[in-house]
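1. below are the sequence and a predicted model; questions follow.
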Amino acid sequence: MESVILGFLGSVALQIPGIGQNQLGSLNPWVKGLVPSALGIVGIAIMLNLFSAGIRKKMVDQDKLKRLMKETRAWQKERMAAFKSKDQERIDQLNKKSAYMNKLNMEIMQLNMRPMALTFVPFLLIFYFLLPHMFSYTVAEAPIPLNVFPGNFFHLTCSADDVKNTAKTHCMHENDMYFWGWYFLSSISVSGIIMRATKTSTNID
C-alpha cells in the first residue's frame, strides 16, 4: 500500500491546475506512435523511480525508519485489540504512550518528506518543460474506461464527452489514455518492485 501511495505522490506535479490532465502533451511530439510512446513513458517511470529510490536511500536511515514504523504499528495493533476486547485497564496503559507515539509518527513523516523535498522541483520541471514536448496528449488505449475517481478533474482515460470536445481535450477515441495517466499507472506498477530491489521499501516484514 505504501508503494502505491508513494507512486501517487511521485506524480503529484501532474495534478496541479495548468499542468495536469489536458494541458500535458504536444500536437507535434518528438516521439510519435502509441507503442513507442507507451514504452518510452514506462522507461521514464522506471528511471524516475530509480532516481527517487537512490535519493531516498542516501537521505533516509532505512533501519531507523523501519524500527520506528514497527514500533508504532505494534502499538496501534495492541491498542486496537484492547478496544475490541474492551479491556479498559489495558487501554488506559496504552493511552499513556500516545504522546510518545505521536512524536514517533512525526519523526516518520519528517524522514519520508526529506527525499520528496529534494525531488519535487526537478520532477516538476521535467513534467512541465520536457515530457509534454516528447509525447502527445494520449499515448495508449485502455480496453475499458478507467475514470474511477470522483469528479472530472482526475481522468485516466478519455470519456465520450472528451471526444466530443476534442479541440480542448485532444481525445480522438473513447478510452484513449492521457499521457499523465499512463505515466501514473506505469509509476505505481514499477515503484514497489524498485523499492524492494533497492531496499527502500517501507513494508514491514
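-> Cool, got the structure.
2. which stretches in the chain count as helices?
-> Secondary structure of the chain (DSSP state H): helices at 2-10, 34-59, 62-85, 88-95, 98-125, 131-134, 160-164, 166-169, 179-197.
3. how far does the last one sit from the chain's center?
-> Relative to the chain's own centre, helix 179-197 is displaced by 8 Å; criterion: Cα atoms, centre = their mean, to the nearest Å.
4. and it, what does it pack against?
-> Helices and strands touching helix 179-197, as assessed by 3 or more Cβ pairs under 8 Å, 6 or more residues apart in numbering; DSSP states H and E, comprise helix 2-10, helix 34-59, helix 131-134, strand 138-141. Bear in mind the C-beta positions are built from the backbone N, C-alpha and C, glycine included.
5. what's the answer for the second one, then?
-> Using 3+ Cβ pairs under 8 Å, 6+ apart as the contact criterion, the elements in contact with helix 34-59 are helix 2-10, helix 98-125, strand 138-141, helix 179-197.
6. residues in contact with Asp61?
-> Taking Cβ atoms under 8 Å, 6 or more residues apart in numbering as the contact definition, Asp61 lies against Leu111.
7. hmm, I was thinking of Ala45
-> So Ala45 contacts 183, 186-187, 189-190 (Cβ under 8 Å, 6+ apart).
8. gap between Val110 and Leu124?
-> You called it Val, but residue 110 is Gln. Noted for Gln110: a distance of 21 Å to Leu124, by Cβ to Cβ, to the nearest Å.
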